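Visitor: I need the structure of the sequence given here:
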Amino acid sequence: MEKLLKRKGDPTDIILLTIMLFFLAISLAVVLLANEQIHRVISTTVLNQSEAYSSIDESFSNINEFVAQRGFTMFFAILIIGIMVSSFLIKVHPMFIFIYIVTLLMAILVTIYLANTYALLVNNPLLARISDNFAMTTYIMQHSVMIMLATGAISMIIVFSKIGSADITNGRGDL
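Guide: As a prediction, the model looks like this:
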């Protein structure tokens, strides 16, 4: 546990970001599909004639249209901000830039495969209706390669351009 608490930044953060976004996007698509099915069942049964139906219908619509998209976008923004903050917190010798570049290239490759997999899944006729209403997540996943490239490049610039980043031998930097 102590090792996890001392971990301040890592070049693999971009890969973890990509994998977490992919699984969150797929999970939300499946949840929204189930939510739509439940909403359809409620709409076609006797429950649609009750007094509470307008509230139920509004709740399902609110979850499908706003909560899921805004939640995904907020989670995405928080993860990117976390990567930037962890980039400010670490001190790395400039000779490790090669490792960061190779890791960024691997992250881009993983992002390409995951973005293509997401595109195949949302083009499925069953999930196509969901992806039409899930515009922000679909946009982020379609442009995830460029987003990860920009995030990785900015993170690398922050890590290697800090004042005193090369002075890691005695533990005291200019910051």
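Visitor: For the nearest residue to Glu65 once chain neighbours are set aside, give me its contacts.
Guide: Excluding its sequence neighbours, the residue lying closest to Glu65 (Cβ to Cβ, 6 or more residues apart in numbering) is Asn133, at 6.3 Å. (Glycine included, C-beta is placed from N, CA and C.) Asn133 sits next to 32, 64-65 when contact means Cβ atoms under 8 Å, 6 or more residues apart in numbering.
Visitor: Please report how far the spatially most central residue of the chain lies from Asp57.
Guide: Geometric centre of the chain, nearest residue: Leu21, 3.2 Å, by Cα atoms, centre = their mean. Going from Leu21 to Asp57 by Cβ to Cβ, to the nearest Å gives 30 Å.
Visitor: all helices of this structure, in order?
Guide: Using DSSP state H, the helices of the chain run over 2-6, 13-43, 53-62, 68-89, 97-122, 125-133, 135-142, 144-161.
Visitor: May I see the buried residues of the fourth one?
Guide: What that stands for is helix 68-89. Neighbour-count burial for helix 68-89, counted by 16 or more other Cβ atoms under 10 Å, picks out 68-69, 72, 76, 79-80, 83, 86-87.
Visitor: Got the phi and psi for His143?
Guide: phi -110, psi 20 (degrees, to the nearest 10).
Visitor: quick revisit: with mean pLDDT added, can I get the helices of the chain in TSV?
Guide: Below are these laid out as TSV (pLDDT from 0 to 100):
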stretch	mean pLDDT
helix 2-6	51
helix 13-43	83
helix 53-62	75
helix 68-89	87
helix 97-122	88
helix 125-133	76
helix 135-142	86
helix 144-161	89
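Visitor: Apart from its neighbours in sequence, what residue is nearest Val159?
Guide: Of all residues not flanking Val159 in the chain, Ser87 sits nearest, at 4.9 Å (Cβ to Cβ, 6+ apart).
Visitor: Make sure that neighbour is actually in contact with Phe160.
Guide: No. The pair Ser87 / Phe160 is not scored as a contact, 9.4 Å apart, by Cβ atoms under 8 Å.
Visitor: Tell me how far the nearest residue to Leu32 once chain neighbours are set aside lies from Met136.
Guide: Leaving aside its chain neighbours, Leu32 sits nearest to Ile130 (5.0 Å; criterion: Cβ to Cβ, 6+ apart). The gap separating Ile130 from Met136 is 13 Å, by Cβ to Cβ.
Visitor: same deal with Phe60?
Guide: Between Phe60 and Met136 the distance is 19 Å, computed by Cβ to Cβ.
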